[in-house]
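Participant: Just a sequence and a predicted model for now, questions to come.
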Amino acid sequence: MIFDFHTKYDGDGKGHFGEYGGRFAPEMLIPALEELEAAYKNAKKDKKFEQEFLELLHSFAGRPTPLTFAKNLTKKLNGAKIYFKNEGLNITGAHKITHCLGQALLAKKMDKKRIIAETGAGQHGVAAATVAAKFGFSCTVYMGEVDVARQRPNVFWMQQLGAEVIPVKFGSRTLKDAVNAALKDWITNVESTHYLLGSTVGPHPFPTINRDFQSVVGMEVKEQIKKSEGRLPDYLIACVGGGSNAIGLFYRFLNDGKVKMIGVEAGGRGVEKIGDHATRFYGGETGVVEGYKSVFLQDEYGNLALTHSVSAGLDYPGIGPQLAYLKEQGRADFTYATDKEVLDAFKLLAKTEGIICALESAHAVAGAIKLVPTLSKDKIVVVNLSGRGDKDIFIVAEALKDKEWRDFIRSKVYEY
Ligand SMILES: *Cc1c(COP(=O)(O)O)cnc(C)c1O
């Protein structure tokens with residue numbers, strides 16, 4: 001059911017989506033990528049694998065997540081009907097656990113005893129450390145030294161989950177350097193180790209396998225919306241970092257030509273200047289980085305550019321190759337929301353619907369706030385809330401300049 005679905009946007013089945021995708025990896029990693037691809041091919045045909053995956057999603061992750069009609073926000077915006085897919089109710093608070101569980105099952109099949117992961121904000125690191133604990137793998141997470149300092153709560157949780165967090169001290173000491181450190185580890189320990197990659201990016205087969213695992217989101221939505229509305233939605237909206245939650249929502253609807261899809265990128269402080277945002281489709285160029293061909297934000301020398309977003313999870317210069325292809329084909333549209341629009345959307349959602357969403361997801365909400373009033377009342381819009389907002393308490397309180405929160409943080413320092 002999950003793994004025998006195809007669309008005309010799947011490319012050549014070898015990870016090429018038009019000109020995007022591919023496998024631009026060091027020679028020494030090709031056998032590991034081939035091993036993973038073969039393991040996945042076998043798993044896809046194995047009914048037991050699918051059952052095991054679904055059982056874990058149900059009994060451990062908390063799936064299916066609810067699809068909630070946003071009655072108050074719909075009334076306020078006075079346009080199309082809004083539904084929220086609440087991925088924040090998954091264990092670890094976001095959609096990421098779904099593809100982590102899928103990859104952990106593959107690692108088990110390949111008889112790997114250790115997983116490694118890269119992480120920027122730490123969300124993927126926490127999800128990876130969670131499945132490692134659940135499956136009894138040892139786990140090493142690479143994280144830039146700058147990010148370790150910025151994201152202390154997630155570092156603490158990874159350690160509590162039993163993972164070793166290694167601060168990466170070279171380069172800009174952020175996500176891209178963590179990726180390089182993880183790749184180096186993988187080359188050295190490829191026999192024992194699975195590299196658990198965190199989004200629909202990287203060399204083939206990662207974009208495809210993570211897409212297939214995440215496609216359960218769209219499968220659930222399809223069933224849920226048919227139950228409440230008796231028909232398919234008119235629009236799907238999701239935020240886009242690497243693209244896993246977006247393609248997870250979109251994939252099962254790609255063959256339904258009337259369903260429109262909108263990805264919302266991080267507009268940061270504005271999209272005019274490289275360095276102020278993470279909108280690959282406003283200022284990015286085609287390139288090959290980190291093992292795949294796609295659209296990347298680059299500096300004048302073609303190196304990855306610095307990015308900015310209020311939400312750490314969208315603060316990434318590349319985008320999943322299949323999304324780049326869907327954009328080129330006109331099957332999905334992309335827009336952006338600025339940091340300010342995102343904070344406004346975050347506040348409005350909390351006050352009208354009682355949902356504190358992740359700042360990443362608030363980009364999708366901001367996209368909906370702009371679109372919905374332009375649509376007639378018989379239209380239906382489904383918005384993916386990729387995660388819950390607990391993790392963002394420091395950023396939101398600081399952005400809102402909440403004085404009492406600042407006093408609280410200070411008082412905590414003095415208690416030690
Ligand atoms: C990591 C993350 C994202 C961005 O990743 P995608 O692969 O683009 O989905 C979005 N929302 C949340 C809550 C995240 O943790």
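Facilitator: Everything's here; your move.
Participant: and the residue in the chain that the ligand sits nearest to, how many neighbours does it have?
Facilitator: Proximity of the chain to the ligand (Cβ to the nearest ligand atom) peaks at Gly387, 2.5 Å away. All C-beta atoms are positioned from the backbone trio N, CA, C, and that covers glycine. Neighbour count of Gly387, defined by other Cβ atoms under 10 Å: 29.
Participant: try Trp405
Facilitator: Look at Trp405: counted by other Cβ under 10 Å, it has 15 neighbours.
Participant: was I right about the residue of the chain closest to the ligand contacting Ile97?
Facilitator: No: the criterion here is Cβ atoms under 8 Å, and Gly387 misses it with Ile97 at 10.1 Å.
Participant: same for the longest strand along the chain, what does it pack against?
Facilitator: Longest strand in the chain by number of residues (criterion: DSSP state E): strand 260-268. Here strand 260-268 touches strand 235-239, helix 321-328, strand 332-338, helix 339-353, helix 359-371, going by 3 or more Cβ pairs under 8 Å, 6 or more residues apart in numbering; DSSP states H and E.
Participant: Would you format these as CSV with mean pLDDT and mean neighbour count included?
Facilitator: Shown next, in CSV, are the helices and strands packed on strand 260-268 (pLDDT from 0 to 100; neighbours: other Cβ atoms under 10 Å):
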stretch, mean pLDDT, mean neighbour count
strand 235-239, 99, 28
helix 321-328, 98, 25
strand 332-338, 98, 22
helix 339-353, 98, 20
helix 359-371, 98, 28
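Participant: re the thing from before, near the ligand at all, the longest strand of the chain?
Facilitator: No: counting by Cβ under 6 Å from any ligand atom, the ligand is not contacted by strand 260-268; separation bottoms out at 8.8 Å.
Participant: same thing with stretch 92-102?
Facilitator: Yes: shown here: stretch 92-102 in contact with the ligand (Cβ under 6 Å from any ligand atom) through Ala94, Lys96.
Participant: Just the C-alpha atoms of that stretch, please, in CSV.
Facilitator: Extracted as CSV, the C-alpha positions of stretch 92-102 are listed here (Å, rounded to 0.1, in the frame of the first residue of the first chain):
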residue,chain,number,x,y,z
THR,A,92,9.7,14.1,19.4
GLY,A,93,7.2,16.7,18.3
ALA,A,94,7.5,16.7,14.5
HIS,A,95,7.1,14.7,11.3
LYS,A,96,10.8,13.7,11.2
ILE,A,97,10.4,10.6,13.4
THR,A,98,8.5,8.9,10.5
HIS,A,99,11.5,8.7,8.1
CYS,A,100,13.8,8.0,11.0
LEU,A,101,11.8,4.9,12.0
GLY,A,102,11.8,3.8,8.3
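Participant: can you tell me the helix or strand for the closest residue to Ile30 other than its chain neighbours?
Facilitator: Distance criterion Cβ to Cβ, 6 or more residues apart in numbering; nearest residue to Ile30, sequence neighbours excluded, is Arg23 at 7.5 Å. Assignment of secondary structure by DSSP states H and E places Arg23 within no helix or strand.
Participant: Could you tell me how many residues sit around Arg23?
Facilitator: 20.
Participant: didn't it look like it was pressed against Pro207?
Facilitator: No: assessed by Cβ under 8 Å, Arg23 is found out of contact with Pro207, at 10.2 Å.
Participant: so what's in contact with these two at the same time?
Facilitator: Residues touching both Arg23 and Pro207 (Cβ atoms under 8 Å, 6 or more residues apart in numbering) are Gly15, Tyr292.
Participant: what ranges of the stretch 51-200 of the chain fall below the confidence cut-off?
Facilitator: Residue ranges of the stretch 51-200 of the chain with pLDDT under 70: none are present.
Participant: For it, what lies in contact range of the ligand?
Facilitator: Where the stretch 51-200 of the chain comes near the ligand, counting by Cβ under 6 Å from any ligand atom, the residues are Ala94, Lys96, Gln123, Ser199.
Participant: Ranking by neighbours, what's the top pick from those?
Facilitator: In terms of neighbours by other Cβ under 10 Å, these top out with Lys96 at 28 neighbours.
Participant: Could you look up the SS state of the nearest residue to that one once chain neighbours are set aside?
Facilitator: Leaving out its chain neighbours, the residue that sits closest to Lys96 by Cβ to Cβ, 6+ apart is Ala127, at 4.3 Å. Classification of Ala127 using DSSP: H, G, I helix; E, B strand; the rest coil returns helix.
Participant: What is the neighbour count of Ala127?
Facilitator: Close neighbours of Ala127, defined as other Cβ under 10 Å, add up to 29.
Participant: in the stretch 151-300 of the chain, which spans are helices?
Facilitator: For the stretch 151-300 of the chain, the helices defined by DSSP state H, counting those that start in this stretch cover 152-160, 175-188, 206-214, 216-229, 244-250.
Participant: Let me know which of these is tucked in deepest.
Facilitator: Scoring the helices of the stretch 151-300 of the chain by mean neighbour count under mean count of other Cβ atoms under 10 Å gives helix 244-250 as the most buried, with a mean of 31.
Participant: Would you mind checking the average pLDDT for that helix?
Facilitator: Mean pLDDT, helix 244-250: 98.
Participant: One more: stretch 38-50?
Facilitator: Rounded mean pLDDT across stretch 38-50 is 97.
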